[in-house]
Structures are given as C-alpha cells and as structure tokens.
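Q: Quick one, fold the following:
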Amino acid sequence: MTGSAQKLTAQQLEKEKAVFWAIVLDTTILAFFTIAGSLSGSMTALSEIIRFMLLLSIEYVSYVVLKRAHRDRFNEFEYGTGKIERITNLMVAFGLLLSSLYVFSKVISMSDSAPLSTNSLMLTIIAATVNLMANYYFSIAFIRSNQTESSVIISSQIAARIAKTVASVVVLGILMLTLWLPDPKSARIVDLLGSIFLIGYMVVIAYGLIKESLPEILDRTVPEPEHYQILRILTEHFDNYDGFTGYKARRSGKDLFILLNLGFFSQHTLGQIESRLTPLRQALEAELPGSTITIEPEIMDEY
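A: Okay, here's the model as predicted:
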C-alpha cells in the first residue's frame, strides 16, 4: 500500500530530528531578528536578515527531501537521490548569490550619514547572540548525526551551518562595534563595511557549492579503472553464474549504480541462484564502497 510505514534507522531519525528543531529555532530567531533589525536601520542587520531568510527557505526544502529520501519516495529516479541532493545544494548557492546582489545594491545607494536606532540595535545584538549560539549548537548536532551514516543533504547543512556560525560571529562583532562608536558617521561606515564583508562571504560560499554540485547534476559514465574493476570481479567469480549478457554502470552524484545481467540454467532454484550471487555481490561492494548493486538473473536453457 502506498505510504505504508517504513522502519527508519536511529541515525535517520536523529538527522530528521536535528534538522526539524534547527528549522523551528531558526524561524523563531528570524522573526525576532527581522523586527529588531529592520527598526535599527543597520545594513549589516539587513544583510543578515536577507541571507537568513533565503537559507531558511532552503532548509525547509532540504528537510522535505531528507524525509522523502529516508522513506524511499524517490523510486522514480533511476539512479537514486544524488541528483536531488545536488540540486538542493545549488538552490542554496543561487539563493546566496541573489541575496548578495540585493544587499550590494542597498549598500551603494545608502548614505553614510543615515541614522541608526540605538534601542533597536541593542535588540538586534541580542538576536544575533542567540543566532550565534543556535548556529554553533546545530553545527555540532549535524556533525554528530552524520558520523555513522553519511548524507549529502546533511553534509551540505553542516557546511552551511559552519559558514553561518562564522558569519554570525562577524555580524555580532560589527553590531557591537557600531553600537559602541560615539560618532554616528563612523558607526554607519563600520556598518556598511560589515555588509560588504557579508556580501563577499556569501559569494565565496555560493561559489564552493556550485563548483561541487554543478558537474554532478547529470548522470555520468564511470571512469575506465572502475569498469576494469567490475570486469575483473566478474571474471574472478565466473563460476557463480552460467551466462553473461552485459552490465550498466552509472554515477549519480557520488553514488555508483551497477546493473548486472547474468544468466542461470533452468534447473537452479531461486534460492540456489541467490546463494551463488552472494559472493559476487559481496566482492563488488567491498572493492567499490558505496555502490548499489542490482542483479537481474535470466533463465537459460542448457544445451
């Protein structure tokens, strides 16, 4: 029956729980940060709000993709969820680029004499402090949840969280310096410099994600050395099957998918066929870690 309950591993549940509570806390912090930051007049706060919003929207998408992947709801994709995970990474990257362009347009159009609201700036500093602690905590939580059973989605979330933690430290420092400076003009200049730093930081993160993900969006053939490995293993285990009609090997993201078409004489039972295939399957998985092996047995007439 569609939608039937599926047993999830402890590691999968830990990942989903970590991402869920990160989203809940981030949404709460963003609501407070948006109100205080908008009233403060700080461009650094505005930069952080925009970046926060875009990355949080990607977090929601990542959470949905993660849950569907854990429940095998991407069966329509021939080579697994690697492509979905990479597209999610690209969404993060393009969101960062769009936000950096918007903030840059605001920076160059703003006067360095525009006033800052001290009271609202203090509230913004409180929100930035809470945001820093949340980013640090969930960076550690994601790293722990990804140690036993690695996921590309969680790995991208770890990279994003670490980047957000570093940015949060800078944002908090700039906001505190802006509040401390007695000269309003100097405070505004520091605020604008902080915004420019954040723009550059977002572009660097986006470039790294695009460089990693874009080449792996399309399914790719495997390199020759891996083809030789597969053929060598098939040759070494020739006694484990009666005929060979071909194989396919493709990469989707970092995942390797191998489809073998092997023949068996009709007198063998399914149990016997499976027993003969076990050593071959184990050899492939041992020499090609992370590969997904699918074997399609074909019944042959014995001559």
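Q: Go ahead and name everything in contact with the helix or strand encompassing E226.
A: Here E226 sits within helix 224-236, counting by DSSP states H and E. Residues outside helix 224-236 that contact it (CB atoms under 8 Å, 6 or more residues apart in numbering): F244, Y247, A249, L256, I258, L260, L280, A283, L284, E287, L288. (Each C-beta comes from the backbone N, C-alpha and C, glycine too.)
Q: Can you list the neighbours in contact with the helix or strand hosting the fifth one?
A: Counting by DSSP H and E, the element that carries I258 is strand 255-265. For strand 255-265, contacts defined as CB under 8 Å, 6+ apart pick out 78-80, 82, 222, 226, 230, 234, 241-251, 273, 276-277, 284, 288, 290-302.
Q: Show me which of these are buried.
A: Among the contacts of strand 255-265, the ones that count as buried by 16 or more other CB atoms under 10 Å are 79-80, 82, 222, 226, 230, 234, 241-242, 247, 249-251, 273, 276-277, 284, 288, 291, 293, 295, 297, 300.
Q: among the residues you listed, which are in helices?
A: With helices taken from DSSP state H, the overlap with the buried ones among the contacts of strand 255-265 comprises G82, E226, I230, L234, I273, R276, L277, L284.
Q: okay if I get those residues as a markdown table plus pLDDT and distance to A160?
A: Below are those laid out as a markdown table (pLDDT from 0 to 100; distance: CB to CB, whole Å):
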| residue | pLDDT | distance to A160 |
| --- | --- | --- |
| G82 | 60 | 18 |
| E226 | 80 | 31 |
| I230 | 86 | 36 |
| L234 | 88 | 41 |
| I273 | 84 | 46 |
| R276 | 86 | 46 |
| L277 | 87 | 41 |
| L284 | 86 | 34 |
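Q: which of these lies closest to G194?
A: Nearest to G194, judged by CB to CB, of those is G82 at 37.4 Å.
Q: what about the nearest residue to T294 once chain neighbours are set aside, distance to Y247?
A: Ranked by CB to CB, 6 or more residues apart in numbering and with sequence neighbours excluded, the top spatial neighbour of T294 is L259, at 4.9 Å. According to CB to CB, to the nearest Å, L259 and Y247 sit 6 Å apart.
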